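>>> Based on what follows, work out the 3D shape:
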Amino acid sequence: MDWSQTPRVLLVWPEQGKVLRNRLDLILLERYCSSHGSQLALLTQDAEVIYQAGEAGIPVFKSRKTAQLQPWRKSFREFKRRELEDKVVEVRDRDLFRRDNKPVHKEFQPWTRISIFIGGVFAVLSIAGILFPSATITIGKEINQQSLIVPIRAIIGEDQVQISGQVPIQEFTIVVEDQQSIPTSGTTSIPSEYAQGEVVFTNLGEEAITIPVNTILSTDSGNPVQFLTAEPGKVPAGGGESTTIQITANNPGISGNVLADRINTISTSLEAEVAVSNPMPTSGGTDIFISAPNISDQRRLNRNLSFRLKDLAAQEISEFLTQEDILLTPDLENFETIEEIFTPEEGSPGNVLNLEKKGQFLVFYTSGDDLLSLAADLVKAQYQEENYEPLLESITISQLSLPVPGVTQSYTWRMEVSWNERKIMDQNQILQIVLGKKPIDAMNLLQESLNLEVPPRINLSPSWWLRIPALPFRISISEGES
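Next up is the predicted model:
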């Protein structure tokens, strides 16, 4: 580098070995080249050297061609050094002992001077806050209780809460089912013994007629009773000849006991050849009576199970509704029977009657959230002045009457809304009253100006200080218990 006369020096790094990897070594090389009027650049692939050269402001290239074609950026150290040299020359050219030389004052920007001024003000206020006394004024909360009676009208189909007192009706359905059993109180008859008797067959022709066993005979009434011949027989030849044969009822029971001359129908082809009649009533048919449900049992069981289903529905309703919701149909009259099965059926024997029943209830109610929303709107509408404000979280509602159904799918009742209100403190007014005054005078003035029931408390720090501070930011105002 000593004999180099070129303005640029490209220092090629060896591919093998690790030399001059320290930033200080690179800075010394760059300074040495600059002192000889040359600009230094490096040609290397070493990542560590590339990084350290970049930190030192020395340009780095990866090939000779790139170093020849691309411009070399100036080192920031060179610019800094030239700036310092210019300042040194400027100082040397100036005669510091000449009387006409005026001191050089550094001019600041306007925003800089404003920032310095504001910072100074805050510093002064901070010192004043530490050195000057402080006061704490505690004023008791003035809480008043208010109430309002509102007529409520719930309407089916309404979907919004109106401040006039109209609220929507909500509805839902409940399906419940259960079964119950009761002892039967009725009886029913069951056929037991077969009726018996005898009939007379009369020949209508000239030839003898044979009557086979189990020939079917019956009465000619609307509900015919059938009989069977218990033995074979033969009617002698000749018109008007007859024979007597024993018969037995086809079905057991008292229905087989028929009066005389009632059996006169033959259910076979013999009807055209012979006539039949019973000269004496049949007898011996009997029924036995056992327990069975009757219509009274069914009605009683159905009524009991309906009450049970209402109780089950009421339990589900109480679990579904909240404490603030208003049930409009507590009697649960909107009931629809889905399924009803009696076992055994009416007239069938049985000692116990069982009923399985499923029903659906339609329930109307008013949401407690809608009522609270209406109450909040009504309370807010009561306040047009700024002296008091309502405590909305203290709103409570109570029903003064039960809902009464109207003629247009609506329900009406009366509701009471209660809430607390608080007197608003004007801190600016309080500060204007107490600034610089004695604590006892300030307490009296506050109680008189704000119409306070309980005088406020004023604590000074330090406690021996005689007056309330004159600086507003040294006074703290808070609300105590009511």
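>>> Identify the residues contacting the nearest residue to residue 326 once chain neighbours are set aside.
Leaving aside its sequence neighbours, residue 326 sits nearest to residue 366 (Cβ to Cβ, 6 or more residues apart in numbering; 4.4 Å). The C-beta positions use only the backbone N, C-alpha and C, and glycine is treated the same way. With contact taken as Cβ atoms under 8 Å, 6 or more residues apart in numbering, residue 366 is in contact with 152, 154, 167, 168, 169, 170, 325, 326, 328, 403, 411.
>>> same check, this time on residue 155
Residue 155 sits in contact with 166, 167, 168, 169, 408, 409, 410, where contact means Cβ under 8 Å, 6+ apart.
>>> Filter those residues down to just the ones in strands.
Of the positions in the contacts of residue 155, 166, 167, 168, 410 sit in strands, assigned by DSSP state E.
>>> right, and the first one touches residue 158 too?
Yes: here residue 166 lies in contact with residue 158, judged by Cβ atoms under 8 Å, at a distance of 6.0 Å.
>>> Flag the shaky bits of the stretch 51-200 of the chain, pLDDT-wise.
Within the stretch 51-200 of the chain, the ranges that satisfy pLDDT under 70 run 73-108, 125-131.
>>> Tell me the secondary structure of residue 58, please.
Counting by DSSP: H, G, I helix; E, B strand; the rest coil, the backbone at residue 58 sits in coil.
>>> tally of neighbours for it?
The number of residues packed near residue 58 is 25, by other Cβ atoms under 10 Å.
>>> How much space separates it from residue 26?
In this view, residue 58 and residue 26 are 6 Å apart by Cβ to Cβ, to the nearest Å.
>>> Likewise for residue 456?
With Cβ to Cβ as the criterion, residue 456 and residue 26 are 75 Å apart.
>>> and for residue 58 and residue 26, which residues touch both?
Joint contacts of residue 58 and residue 26 (Cβ under 8 Å, 6+ apart) are residue 42.
>>> list the contacts for the nearest residue to residue 139 once chain neighbours are set aside?
Nearest residue to residue 139, sequence neighbours excluded (Cβ to Cβ, 6+ apart): residue 456, at 4.5 Å. When contacts are counted by Cβ under 8 Å, 6+ apart, residue 456 is found next to 137, 138, 139, 140, 443, 446, 447.
>>> just checking, which of these belong to helices?
443, 446, 447 (DSSP state H).
>>> Can you check those residues and name whichever has the most neighbours?
residue 446 leads these on contacts (other Cβ under 10 Å) with 21 neighbours.
>>> For the nearest residue to that one once chain neighbours are set aside, give its distance to residue 477.
Nearest residue to residue 446, sequence neighbours excluded (Cβ to Cβ, 6+ apart): residue 456, at 5.2 Å. Distance of residue 456 to residue 477, computed by Cβ to Cβ: 9 Å.
>>> what residues do the two have in common as contacts?
137, 139.
>>> thinking residue 348 is in contact with residue 294, fair?
No: look at residue 348 against residue 294 with Cβ under 8 Å: they stay out of range, at 11.0 Å.
>>> Out of these two, name the residue with the larger neighbour count.
residue 294 (16 against 12).
>>> separation between the more buried one and residue 184?
The gap separating residue 294 from residue 184 is 7 Å, by Cβ to Cβ.
>>> Longest helix in this protein, please.
helix 295-320.
>>> which residues touch the following helix or strand past that helix?
Next helix or strand after helix 295-320 toward the C-terminus (DSSP states H and E): strand 326-327. Contact partners of strand 326-327, identified using Cβ under 8 Å, 6+ apart, comprise 154, 317, 321, 363, 364, 365, 366, 368, 371, 399, 403, 413.
>>> okay, the residues you listed in JSON lines with secondary structure next?
Shown next, in JSON lines, are the contacts of strand 326-327 (three-state DSSP):
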{"residue": "154", "secondary structure": "strand"}
{"residue": "317", "secondary structure": "helix"}
{"residue": "321", "secondary structure": "coil"}
{"residue": "363", "secondary structure": "strand"}
{"residue": "364", "secondary structure": "strand"}
{"residue": "365", "secondary structure": "strand"}
{"residue": "366", "secondary structure": "strand"}
{"residue": "368", "secondary structure": "helix"}
{"residue": "371", "secondary structure": "helix"}
{"residue": "399", "secondary structure": "strand"}
{"residue": "403", "secondary structure": "coil"}
{"residue": "413", "secondary structure": "strand"}
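>>> just to revisit the earlier point, any chance of the ones in strands among the contacts of residue 155 in CSV, with neighbour count and distance to residue 275 too?
Shown next, in CSV, are the ones in strands among the contacts of residue 155 (neighbours: other Cβ atoms under 10 Å; distance: Cβ to Cβ, whole Å):
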residue, neighbour count, distance to residue 275
166, 17, 88
167, 22, 87
168, 17, 84
410, 18, 80
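>>> out of those, who's nearest residue 390?
The closest of the ones in strands among the contacts of residue 155 to residue 390 turns out to be residue 167 (Cβ to Cβ; 20.5 Å).
>>> The closest one - nearest residue in space that isn't next to it in sequence?
residue 370 (4.8 Å).
>>> Enumerate every residue touching the one you found.
Residues near residue 370 by Cβ under 8 Å, 6+ apart: 161, 167, 168.
>>> I'd assumed residue 159 was in contact with the last one.
I take that to be residue 168. Yes: assessed by Cβ under 8 Å, residue 168 is found in contact with residue 159 at 5.4 Å.
>>> Against residue 11, how distant is the closest residue to residue 72 other than its chain neighbours?
Ranked by Cβ to Cβ, 6+ apart and with sequence neighbours excluded, the top spatial neighbour of residue 72 is residue 59, at 5.1 Å. Using Cβ to Cβ, we find residue 59 at a distance of 11 Å from residue 11.
>>> Perfect, I'm done here.
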